[in-house]
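Q: Everything below, folded, please.
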Amino acid sequence: MLNTSDWPEKKLNVLRGLHLDPRNVRLDIDPKVEADILEDLFINENALGLVEAICKVGYLTHDVPVAIKRDGEYVMVEGNRRLAALKAIQNPALVPTHQARIENLVKNLKNRASLSNIRVMVAPDQNAADQLVAAIHTSNLRRRWGAARQAAFFQAQVDSGKKLKTLVARYPTIDVKQFVRRALIVNEFRNAKLKDPALRDFFTTKQWKSGLSVLNRIYPSRDFQALTGFSMDDEGKLSKSISQAKFNKIAEIIIQGMKSGDLNTRSLNTVRSLRFTMLIDELRDVVEPRPQAGKGSKKTGEKAKGTKGKQTGDATQGKGDDGTSPARSRPGRKKRYLVELSQIDVPDSYPHATRECLQELSAIDMQRFPNAAFLLMRASLEKSIKAFAEAKGADIRGVGNEQGRVQLGHALKWLLQYAQKEGPPSIIQPIQRVRDGKLVYMASGDSLNAVNHNHEFSVDPDEALAMWGALDPLMRYVVKI
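A: Next up, the predicted model:
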């Protein structure tokens with residue numbers, strides 16, 4: 001049983017007599033540099049908030065921190081964040097990234113000198129100290145950090161100005177290069193020129209910090225690397241193959257998706273996911289804009305007489321800010337160009353053809369090719385319902401087409417019967433809407449068949465978008481098995 005009543009107490013100087021515990025930084029290596037630990041505690045553990053609390057409320061002594069004598073020096077084993085704050089109060093220059101803010105907080109602190117020495121409890125040995133720390137935090141704090149927390153540590157080092165060679169020398173048993181490269185790419189996104197002020201403000205939120213795992217799904221992929229050409233040399237200098245203007249547009253798309261929640265670790269669970277495919281296609285259009293119909297050849301691309309300076313199609317003549325003639329301006333656009341597939345994750349057990357059909361649909365520009373999108377919506381719906389029925393062990397032919405081929409109408413009829421029996425009730429009306437067309441003809445099974453069979457029938461982009469709005473709940477329902 002742990003008994004701390006006989007542990008001695010000592011008063012030690014926070015700058016010279018007490019050291020931050022390198023084991024608190026759980027990188028499984030020793031020793032760590034105290035300056036690195038300070039940076040980490042301020043950037044990732046909000047030690048600045050503790051500085052502010054001490055300056056405004058005072059240093060509370062009811063909770064005595066715990067130290068241990070290790071190799072002739074006193075090391076803090078419980079209370080490292082407090083010690084970091086007290087060290088910074090005595091010498092703000094120890095934390096260059098936060099120096100100005102610390103100096104502003106402590107300038108009116110009257111008892112600053114009295115905080116240079118603090119009372120600590122001294123544990124008799126490391127085992128006793130570990131028992132106390134585990135009891136306080138109800139877990140084993142000596143577990144090795146995960147990749148995300150290690151990345152945050154090295155992000156703090158890069159942000160504080162540490163160079164790659166310095167970090168490699170300090171942490172020889174860790175693959176520092178991958179973390180430094182990640183930190184530099186994150187900074188590329190943070191430094192991108194974003195048109196929307198709300199997106200720039202997003203970098204200051206907790207959602208941005210917690211959402212870095214989303215960014216980590218994107219930037220290491222081969223597709224993203226092929227588009228951007230990010231590389232880091234042996235000196236730790238990052239370069240990219242695309243212009244800054246194009247990267248700004250890429251960053252805007254990705255940051256907007258992170259902010260809205262559309263891009264998340266679930267929708268981007270693999271590089272094969274539909275949402276990931278759709279994102280890469282959208283980014284590819286930024287890097288390699290698709291020419292508009294009727295443009296690009298000498299005969300059709302020349303301006304007709306009397307039309308100089310006029311707009312043609314949905315894009316204006318002239319150069320974009322990256323020196324190209326883009327088909328459209330993607331960031332900030334009001335029209336929807338691609339179907340929203342972030343909530344539709346096709347199970348691996350479904351046939352490859354079903355997945356391929358949806359992947360192709362995700363890449364079709366509804367504004368330019370509404371009929372092609374409409375046809376693929378129809379095909380995707382029918383294939384997905386059949387795959388869903390097969391996964392449930394059901395035979396759609398039993399709904400009334402035992403002799404012939406199972407078509408979309410039979411598939412929708414079976415799906416309605418299945419939903420009426422298995423639920424949820426909320427999906428029944430959306431299925432009826434598409435099957436019967438009682439709410440709106442354009443979002444009905446009849447219109448899906450008409451675009452496929454009726455040579456007089458066509459749709460416009462708004463009608464294609466309306467159809468997907470009707471199909472979306474059905475598609476999300478039939479991919480859940």
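Q: CA atoms for contacts and neighbours, from now on please.
A: OK.
Q: lowest-confidence helix or strand of the protein?
A: Of the helices and strands making up the chain, the lowest-confidence element is helix 298-301, at a mean of 39, by mean pLDDT, DSSP states H and E.
Q: quick check: mean pLDDT across the helix or strand just after it?
A: The helix or strand immediately downstream of helix 298-301 is helix 352-363, counting by DSSP states H and E. Taken as a whole, helix 352-363 has a mean pLDDT of 84.
Q: Would you mind listing the outside residues contacting helix 352-363?
A: Helix 352-363 has contacts (CA atoms under 8 Å, 6 or more residues apart in numbering) with 274-275, 277-278, 281-282, 338-341, 346, 373, 376-377, 379-380, 383-384, 387.
Q: again, but for stretch 23-43
A: If you take CA under 8 Å, 6+ apart as the criterion, stretch 23-43 is touched by 19-20, 22, 47-48, 77, 80-81, 84, 94-95, 97-98, 142-145, 150, 152-153, 156-157, 160, 170-171, 173.
Q: mind listing what's buried in that stretch?
A: Counting neighbours by 16 or more other CA atoms under 10 Å, one finds that the buried residues in stretch 23-43 are 23-28, 32, 36-43.
Q: ends of that stretch, how far apart?
A: 18 Å (CA to CA, to the nearest Å).
Q: What average pLDDT does stretch 16-26 get?
A: Mean pLDDT, computed over stretch 16-26, is 85.
Q: That stretch: how far from the chain's middle?
A: Remark: stretch 16-26 is offset 32 Å from the chain centroid, using CA atoms, centre = their mean, to the nearest Å.
Q: Which residue lies closest in space to Lys165, excluding its sequence neighbours?
A: Glu235 (7.0 Å; CA to CA, 6 or more residues apart in numbering).
Q: was I right about that neighbour contacting Thr166?
A: No. In this structure Glu235 lies outside contact range of Thr166 using CA atoms under 8 Å: 10.3 Å.
Q: that older thread, filter the buried residues of stretch 23-43 down to the ones in helices?
A: Using DSSP state H, the subset of the buried residues of stretch 23-43 located in helices is 36-43.
Q: Sitting in strands, which of the contacts of stretch 23-43 do you find?
A: Val77 (DSSP state E).
Q: Put the buried members of the contacts of stretch 23-43 into a PyMOL selection.
A: Command for PyMOL that selects the buried part of the contacts of stretch 23-43, burial taken from 16+ other CA under 10 Å:
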select buried, resi 19+20+22+47+48+77+80+81+84+94+95+97+98+150+152+153+156+157+160+170+171
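Q: Select from the contacts of stretch 23-43 every entry located in helices.
A: Those of the contacts of stretch 23-43 lying in helices (DSSP H): 47-48, 80-81, 84, 150, 152-153, 156-157, 170.
Q: farthest-separated two in these?
A: Leu48 and Arg170 (25.2 Å; CA to CA).
Q: ok, longest helix in the protein?
A: Under DSSP H, the chain gives helix 370-391 as its longest helix.
Q: Quick one: distance of that one to the chain centre.
A: 29 Å.
Q: Report the angle between the helix or strand following that helix and helix 370-391.
A: For helix 370-391, the succeeding helix or strand toward the C-terminus, using DSSP H and E, is helix 408-422. Relative orientation of helix 408-422 versus helix 370-391 (axes from the mean of the first three to the mean of the last three CA atoms, to 10 degrees): 50 degrees.
Q: average pLDDT for helix 408-422?
A: Computed over helix 408-422, the mean pLDDT rounds to 88.
Q: now swap in stretch 88-101 and tell me
A: 93.
Q: and what of stretch 118-128?
A: 90.
Q: Mind listing what's buried along stretch 49-56?
A: Across stretch 49-56, burial judged by 16+ other CA under 10 Å covers 50-52, 54-55.
Q: now, among these, which is nearest to Ala135?
A: Using CA to CA, Leu50 is the member of the buried residues of stretch 49-56 that sits closest to Ala135, with 22.7 Å.
Q: What strand or helix carries the closest one?
A: helix 47-56.
Q: For that helix, which outside residues touch it?
A: Helix 47-56 has contacts (CA under 8 Å, 6+ apart) with 41-42, 60, 81-82, 84-86, 88-89, 98, 102, 105-106, 109.
Q: Now the two most distant members of those residues.
A: Applying CA to CA across those, the maximum distance is between Leu60 and His98, 22.9 Å.
Q: So, low pLDDT: which residues of the protein?
A: Along the chain, segments meeting pLDDT under 70 span 1, 26-31, 134, 137-147, 290-337, 342, 398-404, 437-452.
Q: Go ahead and flag the most central residue of it.
A: Val214 (2.3 Å; CA atoms, centre = their mean).
Q: Quickly find the element holding it.
A: Val214 belongs to helix 212-218, assigned by DSSP H and E.
Q: got the buried residues for that helix?
A: Of the residues in helix 212-218, 212, 214-215, 217-218 count as buried by neighbour count, 16+ other CA under 10 Å.
Q: Closest one of these to Gly261?
A: If you rank the buried residues of helix 212-218 by distance to Gly261 using CA to CA, Val214 comes first, at 10.0 Å.
Q: I figured that closest one hits Met258, correct?
A: Yes. If you go by CA under 8 Å, Val214 and Met258 touch, sitting 7.4 Å apart.
Q: Would you mind listing the residues touching both of these two?
A: Common neighbours of Val214 and Met258 (CA under 8 Å, 6+ apart) are Asn264.
Q: Counting neighbours, what do you get for the closest residue to Leu376 other than its chain neighbours?
A: Among residues not flanking Leu376 along the chain, Leu361 sits closest, at 5.9 Å (CA to CA, 6+ apart). Neighbourhood size, Leu361 [other CA atoms under 10 Å]: 24.
Q: again with Asn108
A: Neighbour number of Asn108 under other CA under 10 Å is 11.
Q: Check the gap between the residue nearest to Leu376 and Ser458 for me.
A: Leu361 sits 18 Å away from Ser458, going by CA to CA.
Q: cool, Ile364 as well?
A: Distance from Ile364 to Ser458, by CA to CA: 17 Å.
Q: Look at the two and report which has more neighbours.
A: Just comparing Ile364 and Ser458: by other CA under 10 Å the higher neighbour count belongs to Ile364, 20 against 15.
Q: quick one: the more buried one and Ala373 touch, right?
A: Yes. Taking contacts as CA under 8 Å, Ile364 lies within contact range of Ala373: 6.2 Å.
Q: Spell out which helix or strand contains Phe179, please.
A: Phe179 is located in helix 176-190, with elements delineated by DSSP H and E.
Q: buried set for that helix?
A: For helix 176-190, the neighbour count (16+ other CA under 10 Å) marks 176-177, 179-186, 188-190 as buried.
Q: Next, format the residues you listed as JSON lines and append distance to Val133.
A: What follows is the buried residues of helix 176-190, written out as JSON lines (distance: CA to CA, whole Å):
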{"residue": "Val176", "distance to Val133": "29"}
{"residue": "Lys177", "distance to Val133": "32"}
{"residue": "Phe179", "distance to Val133": "29"}
{"residue": "Val180", "distance to Val133": "31"}
{"residue": "Arg181", "distance to Val133": "34"}
{"residue": "Arg182", "distance to Val133": "32"}
{"residue": "Ala183", "distance to Val133": "31"}
{"residue": "Leu184", "distance to Val133": "35"}
{"residue": "Ile185", "distance to Val133": "36"}
{"residue": "Val186", "distance to Val133": "34"}
{"residue": "Glu188", "distance to Val133": "39"}
{"residue": "Phe189", "distance to Val133": "38"}
{"residue": "Arg190", "distance to Val133": "37"}
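Q: Good, we can wrap up now.
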